[in-house]
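Participant: Pasting the sequence and the predicted coordinates here, then a few questions.
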Amino acid sequence: MKVTRRNFLRSSATAVAFSSGLLASLPNVALGNGESSTATGLRVLSNLNMEDFSSKIGSTFNIRSSNGNLARVSLISIEELKHKTGPNGSALVGFSLLFMGSKNISPKQDNYLVSHEKLGNFPLFLTSVMHGRKNAIPCYEAVINRIVRP
């Protein structure tokens with residue numbers, strides 16, 4: 001197989017997911033093409049960038065936990081993360097996604113299968129932020145980092 005940037009990113013995303021236990025904690029549904037929904041989701045996520053999410057600010061995302069619970073959240077902001085270039089010329093690029101829930105849901109920090117009508121289904125690790133404020137609406141953050149080789 002020819003080594004391309006796309007193949008490298010796919011392989012890297014899968015390796016990171018396996019090492020973090022992501023695949024074991026997400027719903028895994030066999031698809032008709034012999035591939036699992038989680039593997040397909042990792043491929044979808046590896047092709048999404050900050051611009052893809054930027055146009056979805058204000059839209060609704062569904063998040064499903066490993067036990068099947070479903071919650072709806074809205075993407076409220078995206079922030080580009082600043083990184084330094086490594087000694088070999090590679091660089092980390094990244095961005096964070098901030099979602100707002102509602103007071104009647106409170107997903108815990110965990111891996112979730114996220115779905116959006118335009119972006120598709122993909123796994124994300126979400127953590128609760130802004131907790132501790134009295135009467136605060138719960139918010140959840142996902143951070144996406146990628147290595148870019150020169």
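Facilitator: It's in.
Participant: just the CA coordinates of the host helix or strand of Val93, formatted as CSV?
Facilitator: With secondary structure defined by DSSP states H and E, Val93 is part of strand 91-100. Extracted in CSV, the C-alpha atoms of strand 91-100 (Å, rounded to 0.1, in the frame of the first residue of the first chain):
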residue,chain,number,x,y,z
ALA,A,91,4.0,20.3,13.8
LEU,A,92,0.9,19.7,15.9
VAL,A,93,-2.2,21.4,14.7
GLY,A,94,-5.3,21.3,16.8
PHE,A,95,-8.6,22.9,17.7
SER,A,96,-11.1,22.5,20.5
LEU,A,97,-14.9,22.2,20.1
LEU,A,98,-17.2,23.5,22.9
PHE,A,99,-20.7,22.0,23.1
MET,A,100,-23.5,23.2,25.3
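Participant: What are the buried residues along it?
Facilitator: Within strand 91-100, the residues that count as buried by 16 or more other Cβ atoms under 10 Å are Gly94, Phe95, Ser96, Leu97, Leu98, Phe99. For the C-beta atoms, the positions are set from N, CA and C on the backbone; glycine is no exception.
Participant: Kindly reformat these as TSV containing pLDDT and distance to Ser66.
Facilitator: Shown next, in TSV, are the buried residues of strand 91-100 (pLDDT from 0 to 100; distance: Cβ to Cβ, whole Å):
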residue	pLDDT	distance to Ser66
Gly94	90	25
Phe95	93	25
Ser96	95	23
Leu97	95	20
Leu98	94	23
Phe99	93	18
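Participant: could you dump these to CSV with distance to Ile144?
Facilitator: CSV is the format used below for those (distance: Cβ to Cβ, whole Å):
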residue, distance to Ile144
Gly94, 6
Phe95, 6
Ser96, 7
Leu97, 7
Leu98, 12
Phe99, 13
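Participant: quick check, nearest of those residues to Asn69?
Facilitator: Distances from Asn69 to the buried residues of strand 91-100, taken as Cβ to Cβ, are shortest for Phe99 (15.5 Å).
Participant: hmm, back to that, identify, from the buried residues of strand 91-100, the entry nearest to Ile137.
Facilitator: Nearest to Ile137 among the buried residues of strand 91-100, with distances taken as Cβ to Cβ, is Phe99, at 10.8 Å.
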